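everything below, folded, please.
(one chain, ligands or ions: 3)
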Amino acid sequence: MSEPTVPVSFEVYRFDPATDTQPRYQRYTLDLSPHTPVLTALLRIRAELDPSLSLRYSCRSAICGSCAMQINSKSRLACETHVGPEMERHGRIVVEPMRNQPVLRDLVVDQAPFWREYNGIEPHLKLDPAHPMPEGRPTSMSPEEVERFKETPRCIACAACYSACPAVEADSSFPGPMALAKLYRFVVDPRDQAHQDRLVRIQPNGLWLCLRCHLCTEACPKDVRPSERIRDLKEMAIQVQGATERGSRHAVGFKDNLVDRGVLNEMKLVRQTYGMVGMLSQVGQGLKIMRKKREIMHKPRAIQNVEEVQKIYEALDTKEASR
Ligand code: SF4
Ligand code: SF4
Ligand code: FES
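Ligands and ions are numbered 1, 2, ... in the order given. Okay, here's the model as predicted:
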């Protein structure tokens, strides 16, 4: 028995640079069962209603990473997003191309920026020439060593995380969540001899631009959890090189403040982050904040039972050291 169908309304982003000066949204309606993937619906629109619609796809089973797009404003794989739940939540399905990459036509984007960042982290093993891998036979790794990769080998390079990332949107020099998760994968690979160099190079090259919003982790269809691996990279970079960047100085200063008094001393944190000279560039902003919040000038008193906060940090530091 065939599943009952319901009318499903689509608003699809259309843009053809050969003929359009502005993008527009085109409306289509199809009768579909709730389990129909959005990709299947788009292919039916193209076959039955409008052969001019452009989109990218291949496997139709959430493995090739080709069909990522914005579905009701979320970066998703069209082949694993079903129309029923989208209609229940939004009453219609708005389909748009991925963000942070230029649109070539309709739902097809130019992925060059995404792949450029991926290439930039040198996604291959760097071996010590004195210790080459044995030729013709595989090298072995212990289960504990494999465990350190976490979920990073699951990545299918769909770019949903890149599309969702506000740091990419704000600063095109940010490598993006997928490239950083991939970098993590090589940093923890026991066969790679460049892990220290990789960490030192990524510190001034965008690592600290991550806003810790976790939107990449939310968008990832394979649960790679890029934001957590970026956090790990930050911790490892500080261990290797100390707090040498503004972002790392801010992170370390934040912790120092909490360990000291259990509360932020904001003036001290600004000094720790920017240094005495760098603080001069913040004078305008500082005056504005001080006008609204005079108490910022005073050194805060330690909270009651601050030693409990100190114990938490001691326990965290001990756990970190034993990893
Ligand atoms: S956590 Fe960082 S990398 Fe992930 S989306 Fe937010 S800013 Fe981008
Ligand atoms: S990390 Fe996840 S969202 Fe990002 S490219 Fe890989 S699979 Fe796609
Ligand atoms: S078509 Fe391959 S992941 Fe969707």
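
helix or strand right after the helix or strand of the chain with the lowest mean pLDDT?
None of the helices or strands of the chain scores lower by mean pLDDT, DSSP states H and E than helix 283-292, at a mean of 76. Counting by DSSP states H and E, the next helix or strand C-terminal to helix 283-292 is helix 306-321.

what are the contacting residues of that following helix?
Residues outside helix 306-321 that contact it (C-beta atoms under 8 Å, 6 or more residues apart in numbering): 235, 255, 258-262, 303. No exception for glycine: its C-beta is placed from N, CA and C like everyone else's.

how about 10 Å then?
Helix 306-321 has contacts (C-beta atoms under 10 Å, 6 or more residues apart in numbering) with 235, 239, 255-256, 258-263, 302-303, 305.

buried residues, it. List them.
Buried residues in helix 306-321, defined by neighbour count with 16 or more other C-beta atoms under 10 Å: 306, 309.

contact partners for the residue in the stretch 201-323 of the chain that ligand 2 sits nearest to?
Proximity to ligand 2, evaluated over the stretch 201-323 of the chain using C-beta to the nearest ligand atom, is greatest for Cys220 at 3.3 Å. For Cys220, the contacting residues are 75, 151, 154-156, 158, 160-161, 164, 177-178, 181, 226-227, by C-beta under 10 Å, 6+ apart.

any idea how far Ser52 is from it?
Taking C-beta to C-beta, to the nearest Å as the measure, Cys220 falls 32 Å from Ser52.

cool, Ala41 as well?
16 Å.

the two: which is more packed in?
Ala41 (22 against 10; other C-beta atoms under 10 Å).

okay, that one: pLDDT?
We have a pLDDT of 98 for Ala41.

so the strand or helix carrying Ser248 versus helix 306-321, what angle?
Counting by DSSP H and E, the element that carries Ser248 is helix 246-261. With axes from the mean of the first three to the mean of the last three C-alpha atoms, to 10 degrees applied, the angle from helix 246-261 to helix 306-321 works out at 140 degrees.

hmm, back to that, in strands, which of the contacts of Cys220 fall?
If you go by DSSP state E, these have Ser75 in strands.

ok, and of the contacts of Cys220, which contact ligand 3?
Checked against ligand 3 using C-beta under 6 Å from any ligand atom, those give no members in range.

CSV for the contacts of Cys220, including neighbour count?
CSV is the format used below for those (neighbours: other C-beta atoms under 10 Å):
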residue, neighbour count
Ser75, 26
Glu151, 17
Arg154, 14
Cys155, 19
Ile156, 19
Cys158, 28
Ala160, 28
Cys161, 30
Ala164, 28
Pro177, 31
Met178, 28
Ala181, 28
Pro226, 29
Ser227, 22
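
one step back: how much space between the residue of the stretch 201-323 of the chain closest to ligand 2 and Met276?
From Cys220 across to Met276, the span is 41 Å (C-beta to C-beta).

with Ser54 instead?
Taken as C-beta to C-beta, the span from Ser54 to Met276 is 55 Å.

neighbour count for these two, which is higher?
Ser54 (15 against 7).

how many neighbours does the closest residue to Val240 other than its chain neighbours have?
In space, Val240 comes closest to Leu199 once its chain neighbours are excluded; the distance is 4.8 Å by C-beta to C-beta, 6 or more residues apart in numbering. Using other C-beta under 10 Å, Leu199 has 21 other residues around it.
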